[in-house]
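A.B. asks: need a structure here:
(one chain, ligands or ions: 1)
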Amino acid sequence: MTSPTALICETQAWKDLKGHVEDINKTHLRDLMSDAHRCESMMLEFEGLLLDYSRQRATVETMDKLLNLAKAAQLSEKISRMFNGEHINSTENRSVLHVALRAPKYAVIKADGKNVVPEVWNVLDKIEDFSEKIRSGSWVGATGKPLKDVIAIGIGGSFLGPLFVHTALQTDPEAAECAKGRQLRFLANIDPVDVARNISGLNPETTLVVVVSKTFTTAETMLNARTLRNWITTALGAPAVAKHMVAVSTNLALVEKFGIDPNNAFAFWDWVGGRYSVCSAVGVLPLSLQYGFSVVEKFLKGASSIDKHFQSTPFEKNIPVLLGLLSVWNVSFLGYPARVSMESNGKGVSIDGLPLLFETGEIDFGEPGTNGQHSFYQLIHQGRVIPCDFIGTVKSQQPVYLEGEVVSNHDELMSNFFAQPDALAYGKTPEQLQKENVSENLIPHKTFSGNRPSLSLLLPELSAYNVGQLLAIYEHRVAVQGFVWGINSFDQWGVELGKVLATQVRKQLHSSRTQGAAPEGFNYSTTTLLKRYLE
Ligand code: F6P
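C.D. replies: Sure, this is the predicted structure:
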């Protein structure tokens, strides 16, 4: 057990893993993959979802050592503390309870001694009722027309999660059928070009604007909200706000001050981190307006199924735990700083404020389908080693079978899903190339070292339920990494710094524009750039 202020890297379990790197450096995935017993032990299934992590640079011994590290980091206790509503976000003195957002009605999850599940369901019931009114046309706009289009304004966690789920559901046949005749757009960026793009082709008479902001103070969101309020009131008059604008926030007082009727506001709570808020009204409201509540409920149930799995499954069979531990292995021991996949880690100090002696977090990037193959895969095959997550589905949402083609379009896509992990793991040797009669001068160019780790997640299909599962797996993976590294995965002070500096610039721009004051208080570079901008 570590004392509360010790860094995890001081534990024996960490040191054992450090020593073990030398053993792993003597292996190659080509050889590891030939051990069927090992591969079998690195595959696991949950509700039809298959995780294959056999292409990680890890052996059974590595996994044992990682499980020891989990013990040393008190992972089990930390997970329990999260589910028990303890204030594990200590820098903000808050519980971390996004799992309560998708808990069944009968569940009891307490924050500060109070069961929060009834409150969660009050809001969900309100969303169901409201979205049904909008979708059925019983709620109409200021000129009596049904509201068929929705613009959701929000940024960061108040945007990216809902956009991810919307992107996935758009092509799900059941969800798409429910969305017929409706449009959902997201306005995040402050660039006026994005405002123009968002309202292009929409009629204020038939548009509902949802302002999504946990704090209701975020500069970009509030300016976009004022801009769209102006768009509505210019076309329909000031009272139209009551029919055309609703809000999602934890700050209902500011919602009212903005001019939105609190009855048309959908609450959430400070125990929901912005980046973990897609299962609150942040995501559930816009998505229910687009697809209907019953589709979104399936998404919540999928996430909840992973919550239960995460909370109760032994670590050696626990998908988010294994993913989290493998990430720690790749970042902190093998030194792979990035990951291709589709978070508030990346801290400089431990949760107790001690400077960290190791990196905590990867640079994540990714691409859908084979787009990645045609852009950055050269780098991951021959350049830097970047562990990859490949996520595929057995069934396509929109199958296409063209006559005369060898395989269906989905088979074509999935051929790459199966081929790429092996290409990365095995690579290609000069001997193989010689056998293929590749000319000598091309051999160095066509040689691939291989031994590049990846993992594969094969889902039955991309239904709302599976999307919920996928989301929860990745949410919990981040938490596991943070718990093991001993950092706070639920605050983001780094982001705040940029906001403070932008505020200073905004004030300066205002005084320069209104009083002609020269920019002051900035360095030479910023002053010069500001002057040029103001000219
Ligand atoms: O910039 C980071 C952040 O604080 C995120 O956590 C949050 O999701 C986003 O800004 C938007 O904040 P809000 O929902 O309060 O507008």
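
A.B. asks: rest of the way, CA atoms for contacts and neighbours
C.D. replies: Noted.

A.B. asks: Next one: G237 relative to T227, how far apart?
C.D. replies: To T227, G237 is 14 Å away according to CA to CA, to the nearest Å.

A.B. asks: and if you look at P118?
C.D. replies: 35 Å.

A.B. asks: Report pLDDT for F365.
C.D. replies: For F365, the pLDDT comes out at 88.

A.B. asks: Leaving out sequence neighbours, find the closest residue to it.
C.D. replies: Excluding its sequence neighbours, the residue lying closest to F365 (CA to CA, 6 or more residues apart in numbering) is V340, at 4.9 Å.

A.B. asks: what number of residues lie near that neighbour?
C.D. replies: 19 (other CA atoms under 10 Å).

A.B. asks: For the ligand, give me its nearest residue in the stretch 401-535 of the chain.
C.D. replies: Taking CA to the nearest ligand atom, the ligand has its nearest neighbour within the stretch 401-535 of the chain at V495, 5.5 Å off.

A.B. asks: helices or strands up against the helix or strand hosting that residue?
C.D. replies: Using DSSP states H and E, V495 sits within helix 493-515. When contacts are defined as 3 or more CA pairs under 8 Å, 6 or more residues apart in numbering; DSSP states H and E, helix 493-515 packs onto helix 524-534.

A.B. asks: how far off helix 493-515 does the helix it packs on point, in degrees?
C.D. replies: Per axes from the mean of the first three to the mean of the last three CA atoms, to 10 degrees, the angle that helix 524-534 makes with helix 493-515 is 50 degrees.

A.B. asks: Buried ones in helix 524-534, by neighbour count?
C.D. replies: Judged by neighbour count using 16 or more other CA atoms under 10 Å, the buried positions of helix 524-534 are L530.

A.B. asks: Report all helices and strands that it contacts.
C.D. replies: Counting by 3+ CA pairs under 8 Å, 6+ apart, helix 524-534 packs on helix 493-515.

A.B. asks: Can you name the element that comes right after the worst-scoring helix or strand of the chain on mean pLDDT?
C.D. replies: The weakest-scoring helix or strand in the chain, judged by mean pLDDT, DSSP states H and E, is strand 338-340 (a mean of 80). Per DSSP H and E, the first helix or strand lying C-terminal to strand 338-340 is strand 363-365.

A.B. asks: Can you tell me the strand partners of that next one and which way each runs?
C.D. replies: strand 338-340 (parallel) (DSSP bridges).

A.B. asks: distance between the strand it pairs with and the chain's centre?
C.D. replies: From the chain centre to the centre of strand 338-340 is a distance of 14 Å (CA atoms, centre = their mean, to the nearest Å).

A.B. asks: which residues are in contact with that strand?
C.D. replies: V331, E362, I363, D364, F365, G366, I386, P387, C388, D389 (CA atoms under 8 Å, 6 or more residues apart in numbering).

A.B. asks: Once you drop chain neighbours, what's closest to the second one?
C.D. replies: The shortest distance from E362 to any non-neighbouring residue, by CA to CA, 6+ apart, is to A338 (4.6 Å).

A.B. asks: roughly how far apart are that neighbour and G361?
C.D. replies: Where G361 is concerned, A338 sits at a distance of 8 Å (CA to CA).

A.B. asks: And those two? Which one has more around it.
C.D. replies: Under the criterion of other CA under 10 Å, the comparison of A338 against G361 puts G361 first, with 23 against 19.

A.B. asks: who are the neighbours in contact with the more buried one?
C.D. replies: Counted by CA under 8 Å, 6+ apart, G361 has contacts V331, P337, N345, G346, K347.

A.B. asks: do P355 as well
C.D. replies: G348, V349.

A.B. asks: Same question for stretch 8-17: list its buried residues.
C.D. replies: I8, C9, T11, A13, W14, L17.

A.B. asks: Do I have it right that the second one meets K15?
C.D. replies: To tie it back to what came earlier, the one meant is C9. Yes. Counting by CA atoms under 8 Å, C9 touches K15, with 7.0 Å between them.

A.B. asks: what's around H244, how many residues?
C.D. replies: Neighbour count of H244, defined by other CA under 10 Å: 25.

A.B. asks: meant to ask about G292
C.D. replies: 22.

A.B. asks: Please tell me I have it right and it contacts C178.
C.D. replies: Yes. Here G292 reaches C178: they are 6.6 Å apart, a contact under CA under 8 Å.

A.B. asks: before we move on, the earlier item: and the furthest pair within the contacts of strand 338-340?
C.D. replies: V331 and G366 (17.3 Å; CA to CA).

A.B. asks: between those two, who's got more neighbours?
C.D. replies: Taking neighbours as other CA under 10 Å, V331 and G366 compare with V331 leading, 21 against 15.

A.B. asks: ok, that one - contacts?
C.D. replies: P337, A338, E359, T360, G361, E362.

A.B. asks: ok, the buried residues of stretch 8-17 vs the ligand, which is closest?
C.D. replies: Looking across the buried residues of stretch 8-17 and measuring by CA to the nearest ligand atom, the closest to the ligand is I8, at 26.5 Å.

A.B. asks: Give me the phi and psi for the closest one.
C.D. replies: phi -60, psi -30 (degrees, to the nearest 10).
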